[in-house]
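> A predicted structure for the sequence below; I have some questions about it.
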Amino acid sequence: MAQTEERVLMKGNEVLAEAAMRAGCRYFFGYPITPQTELAAYMARMLPKVGGTFLQAESEIAAINMVYGAAAAGARAMTSSSSPGISLKGEGVSYMAGADLPGVIINVERGGPGLGGIQPSQSDYFQATRAMGHGDFYMPVLAPSTVQEMADLVYLAFDLADEYRTPAMILADGMIGQMMEPVTLPLARNLADLPAKPWATTGTHMRRTHNVVNSLYLTPQKLEDTNRERFARYDVLIAKEQRQELMLCDDADIVLVAFGAASRIARTAVRAARDRGIKAGLLRPISLWPFPTNAFERVISGGCRAFLSVELNMGQMVQDVRLASDGRVPVSFYGRTGGVLPTPEEILEQIEGLAAELGRDGE
Amino acid sequence: MAETKTLPVYQQDRIDVHEGETIVSCRPHSLADVVFNYCPGCTHGIVHRLIAETIDELGIEGTTVGIAPVGCSVMNYDFFNCDMIEASHGRAPAVATAVKRVHPEAVVFSYQGDGDLASIGTAETVHAATRGEHITVIFINNAIYGMTGGQMAPTSLPNQVTQTSPYGRDVSKVGYPIRMCELLSTLDGPAYIERVSCDSTAHIRSAKKAIRRAFQNQVDGVGYSFVEVVATCPTNWGMTPQGAFEWLRENMLPYYPLGVYKDVVADGFANAAEAALARSADCPIAQQGRES
């Protein structure tokens, strides 16, 4: 692992692993599942070389609970899986949120529900942003759309997790995971410079009273207090950590909203629409939670007249787009699911349909 | 006659010992001075005390990290003065695994009941054992779910009446109790497995010895150590404390025989890994070295 930035050609899943190691992750726990296998294989190969621990757990449930344990012990730890496996981790993520433990969970999504398929999908949006487990909690969810962002966002996820004492998720998909692109790898963190964790269960060494990592509060008022304290941290996250890319939005009549793999196809469709004289733009959420509502305000005040949410599912993020639009701008949806990817032409057809409607409205 | 105790250095400022006085009995330093939530006649309190005495005697309070289960002992993170982690139901061995991997110099123990360890957490239990994690597992088997009000446990005896086996455990429909010591002792990972009880002074002394061995093994790097304590639950068994101990002796001990089920040191090995290697002597690949 080099100490300098390097430009290399790498596969998305492997970049997630390499960037996590550079972010200071020395503990990886996982269970085999397609399409994220390269990530675990890379960790198995590379972590021992830097004094880290790769452990193939007996189950997804054990893996996330190992992350819970390693995080409680003060380490930067990570697990990765794909959709069906992520469901199994839900309990553990809820406990991490309840115990205010930082850690990173990678979901290289595939189609669902059930065993679904193994082709790219974005059908875990609701799960990631709303209901990763039981109880009142959220977590930062970051959605890379390039291999470069796989590196940048996993690096960021560890920092957000530590700063806000929360689990954090990378919501990728089989397409970004499996593709190779040139990537500039981030600098390797010096482990000694990582944030101090005085709350961690490292042993008291008879120098302090004992630390307890726990999510059980049998007194209702105490549980409400801890939840309110956590939501105060969420308020800061919402204020400070919204991330998005705006492409050609300044004068756009029609703004496509798409993340991850879908945004790559939407981007091509937006360019094609511009070639045909349609003022289209792209709002690409990078943080799915917190959802970049501030960017929607900018786009709406800039004169956007229609939103089109493009997703690899039956329509999940579109609900957040409607909430952000709040009835001010009409919102429509186009999606393919089950591992089927829309072509740019399909999306362009939707844009042209919307442009025609706007044209009629304008007459 | 009570044994005279020497206070560990870190405890000396806690108790004033005046000229001419000796300490004959005191709360172990690693046991918190709080009211436990256990019922009369329950042996959780005794086992907590034995663990705390062991931690004190080995001088490892400052390096010990305990994992609390879900069940009656869920709040024992407040009962020990060492660092504690509350795990989700059944997952304590996975949590302990990671803590030990992050802090190999720490002494990591999990404390789990029968529902936690032998039902919902069976996979975590078996796999932490077979990986030979250098942890200490204390297993309280009282043949019932205590915290939730007395449901059938994986270790409830045949024909035992519980809230969810109101006509007695029907083994033809729900199968047989699991004997965890016997099951785990088939694995190569564990170094030490013993079943004890706390129903009499003699048995409490044996239990203390076993628990101490299980912690000492970890300090010495011998390997995974597991102590099952056959325990009482008078409240949910619907008995007096005395009646519960009698029932334990009459029914539990014949089904769950006390004794050592695995001890690689007694078998002449330095640790579990050596014993495992000897057991696979006829398997060429198991005898090979590895690329590192």
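Perfect, thanks for sending it. Numbers count the residues shown, from 1 in each chain, chains lettered A, B, ... in the order given.
> a strand runs through residue A:282, doesn't it?
Yes. Counting by DSSP: H, G, I helix; E, B strand; the rest coil, residue A:282 is part of a strand.
> count the neighbours of it for me.
24 (other C-beta atoms under 10 Å in any protein chain shown). Bear in mind the C-beta positions are built from the backbone N, C-alpha and C, glycine included.
> do residue A:313 as well
22.
> what segments of the stretch 101-250 of chain B are strands?
Secondary structure of the stretch 101-250 of chain B (DSSP state E, counting those that start in this stretch): strands at B:107-113, B:136-141, B:144-145, B:151-152, B:190-197, B:224-230.
> nearest to chain A, of the ones you listed?
strand B:107-113 (8.2 Å; C-beta to the nearest C-beta).
> report the angle between the closest one and strand B:224-230.
If you take axes from the mean of the first three to the mean of the last three C-alpha atoms, to 10 degrees, strand B:107-113 sits at 30 degrees to strand B:224-230.
> tell me the strands beside strand B:107-113, with direction?
strand B:64-68 (parallel), strand B:136-141 (parallel) (DSSP bridges).
> in stretch A:124-142, what's buried?
A:124-125, A:127-129, A:132-133, A:137-142 (16 or more other C-beta atoms under 10 Å in any protein chain shown).
> residues near residue 71, how many?
In the absence of a named chain, chain A is used. 33.
> my bad, the chain I had in mind was chain B
24.
> now residue B:266. Nearest residue, chain neighbours left out?
residue B:260 (7.2 Å; C-beta to C-beta, 6 or more residues apart in numbering or on different chains).
> for the stretch 1-150 of chain A, give me the ranges with low pLDDT.
Residues of the stretch 1-150 of chain A meeting the criterion pLDDT under 70: A:1-4.
> find the nearest non-adjacent residue to whichever residue of it sits closest to chain B, please.
Nearest residue of the stretch 1-150 of chain A to chain B, counting by C-beta to the nearest C-beta: residue A:69, 3.1 Å away. For residue A:69, ignoring the flanking residues on the chain, the nearest one in space by C-beta to C-beta, 6+ apart is residue B:98 at 3.1 Å.
> okay, and that neighbour sits in which element?
helix B:92-102 (DSSP states H and E).
> show me where the chain has helices.
Looking at chain A here, since you left the chain open. A:12-22, A:37-46, A:60-72, A:83-98, A:125-129, A:147-164, A:174-178, A:220-240, A:260-275, A:293-301, A:317-325, A:344-362 (DSSP state H).
> to clarify, I was referring to chain B.
B:44-58, B:92-102, B:114-115, B:122-130, B:171-174, B:180-184, B:201-220, B:234-237, B:241-247, B:253-255, B:272-279, B:284-287.
> sketch out the low-pLDDT regions of the stretch 1-150 of chain B for me.
B:1-15.
> on that earlier part again, what's the neighbour count on the residue of the stretch 1-150 of chain A closest to chain B?
Neighbour tally, residue A:69, other C-beta under 10 Å: 33.
> so it makes contact with residue B:97?
Yes. When contacts are counted by C-beta atoms under 8 Å, residue A:69 is listed as touching residue B:97 (6.6 Å).
> residue contacts, residue 72?
Looking at chain A here, since you left the chain open. A:99, A:101, A:200, A:201, A:213, B:85, B:95, B:98, B:99 (C-beta atoms under 8 Å, 6 or more residues apart in numbering or on different chains).
> my bad, the chain I had in mind was chain B
So residue B:72 contacts B:37, B:38, B:42, B:44, B:113, B:146, B:147 (C-beta under 8 Å, 6+ apart).
> wait, what's in contact with residue A:341?
A:120, A:175, A:261, A:265, A:312.
> what's across from the most centrally placed residue in chain A in the sheet?
Nearest to the mean C-alpha position of chain A, by C-alpha atoms, centre = their mean, lies residue A:142 at 2.7 Å. On the basis of DSSP bridges, residue A:142 is bridged to residue A:170, residue A:287.
> now for the buried residues of stretch A:124-142, which pair is the farthest apart?
Between any two of the buried residues of stretch A:124-142, the greatest separation by C-beta to C-beta is 18.4 Å, found for A:133 and A:142.
> still on that earlier bit, out of the helices of chain A, deepest packed?
helix A:60-72 (a mean of 31; mean count of other C-beta atoms under 10 Å in any protein chain shown).
> that helix vs helix B:92-102, what angle?
Going by the same axes, to 10 degrees, helix A:60-72 makes 40 degrees with helix B:92-102.
> got the angle between helix A:60-72 and helix A:83-98?
30 degrees.
> redo the strands paired with strand B:107-113 as JSON lines? Include distance to residue B:164.
Formatted as JSON lines, those follow (distance: least, C-beta to C-beta, whole Å):
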{"stretch": "strand B:64-68", "distance to residue B:164": "25"}
{"stretch": "strand B:136-141", "distance to residue B:164": "18"}
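> redo the ones you listed as TSV? Include distance to residue A:24 and mean neighbour count.
Shown next, in TSV, are the strands paired with strand B:107-113 (distance: least, C-beta to C-beta, whole Å; neighbours: other C-beta atoms under 10 Å in any protein chain shown):
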stretch	distance to residue A:24	mean neighbour count
strand B:64-68	21	29
strand B:136-141	30	27
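> of those strands, which is nearest residue A:316?
Short answer: strand B:64-68, nearest of the strands paired with strand B:107-113 by C-beta to C-beta, at 36.7 Å.
> before we move on, the earlier item: neighbour-wise, give me the winner out of the contacts of residue B:72.
Going by other C-beta under 10 Å, residue B:113 tops those with 29 neighbours.
> for the residue nearest the centre of chain B, which non-adjacent residue is closest in space?
For chain B, the residue nearest the mean C-alpha position is residue B:138 (1.1 Å; C-alpha atoms, centre = their mean). Once flanking residues are discounted, residue B:138 sits nearest to residue B:111: 4.9 Å by C-beta to C-beta, 6+ apart.
> can you pull the contacts of that neighbour?
By C-beta under 8 Å, 6+ apart, the neighbours of residue B:111 are B:47, B:51, B:66, B:67, B:68, B:69, B:73, B:76, B:92, B:138, B:140.
> out of those residues, which one sits closest to residue B:227?
Of the contacts of residue B:111, the one sitting nearest to residue B:227 (C-beta to C-beta) turns out to be residue B:138, at 5.5 Å.
> so how far is residue A:297 from the closest one?
56 Å (C-beta to C-beta, to the nearest Å).
> please apply the same query to residue A:187.
Distance from residue A:187 to residue A:297, by C-beta to C-beta: 35 Å.
> residues near the closest residue to chain A within chain B, how many?
Residue nearest to chain A within chain B: residue B:98 (3.1 Å; C-beta to the nearest C-beta). For residue B:98, the count of nearby residues is 30 (other C-beta under 10 Å).
> list the buried residues of stretch B:96-115.
B:96-103, B:106-115.
> same question for stretch B:204-213.
B:204, B:206, B:207, B:208, B:210, B:211, B:212, B:213.
> next, the contact list for the third one, please.
Which is residue B:207. B:46, B:47, B:50, B:196, B:197, B:198, B:227, B:229.
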